[in-house]
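sequence first, predicted coordinates after that:
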Amino acid sequence: MAMAAENFDPLERFAEIERLASKIYLRFSHLFLHQAEVRDFWWDMGMEEEQHASILLACREIIENYEDEKLDPSISREKADQLKEQLSSYLGKGTPSLDVEEAFKIALEIETSEIDAIYSKLLQLGGPKIAQTMQNLGVPASVQRQKLKAALRRFCSDAQLLAEAERL
């Protein structure tokens, strides 16, 4: 087991987490097949998460070639495992009766999780070249949050969800 801890790769693990988020959003798109705009919104969100996963893996490959900078080994495997477990629990639930507002509630939970804090730590602890590489290849989370906020305003009427969206 100690060997596994030494081989923890934060970028690879967070790419896996992004793919789990993608699967959730793509599942949502299938739940709303007969509501074209809602379906397309979730499809786009799923594709963006998949793109984030690919970006992280591309960064990993680029960063490997930096001789003077390495990712900080203190980035927590435990936090990654918690996030993976949280997302896996969403996938583990049966979702055929999920309504639009419940889907948005889950998306808000995902988008306000600690994933961004961990990415910020990856950027800070990696050094300037790593930070610049990840920023150059990545789509800012703020763009995705704005899309989610706009979709919530458009498709939801739940006052609590709308208030939570405003805090994004």
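All right, it came through fine. As the structure is a prediction and not an experimental result, all values here were calculated from the model. Numbering: from 1, shown residues only.

which element is residue 62 on?
Counting by DSSP states H and E, the element that carries residue 62 is helix 36-63.

for that helix, packing partners?
helix 10-31, helix 100-111, helix 128-137, helix 141-155 (3 or more Cβ pairs under 8 Å, 6 or more residues apart in numbering; DSSP states H and E). In short, each C-beta sits where N, CA and C put it, glycine included.

the same query, at a cut-off of 10 Å, please.
In terms of contacts (3 or more Cβ pairs under 10 Å, 6 or more residues apart in numbering; DSSP states H and E), helix 36-63 is packed against helix 10-31, helix 100-111, helix 115-126, helix 128-137, helix 141-155.

mean pLDDT lowest for which of these?
Ranked by mean pLDDT, the helices and strands packed on helix 36-63 bottom out at helix 115-126, which scores a mean of 61.

wait, residue 82 sits on residue 13?
No: judged on Cβ atoms under 10 Å, residue 82 makes no contact with residue 13 at a distance of 11.4 Å.

so the two - more neighbours on which side?
residue 13 (19 against 13; other Cβ atoms under 10 Å).

next, the residue lying closest to that one once chain neighbours are set aside: phi, psi?
With sequence-adjacent residues excluded and distances taken as Cβ to Cβ, 6 or more residues apart in numbering, residue 13 is closest to residue 80, at 4.4 Å. Dihedral pair for residue 80: phi -60, psi -40, per degrees, to the nearest 10.

thought residue 80 was touching residue 20?
No: using Cβ under 10 Å, residue 80 makes no contact with residue 20, being 11.2 Å away.

list the contacts for the residue nearest to residue 13?
Each residue near residue 80 by Cβ atoms under 10 Å, 6 or more residues apart in numbering is listed here: 8-10, 12-14, 16-17, 115, 118.
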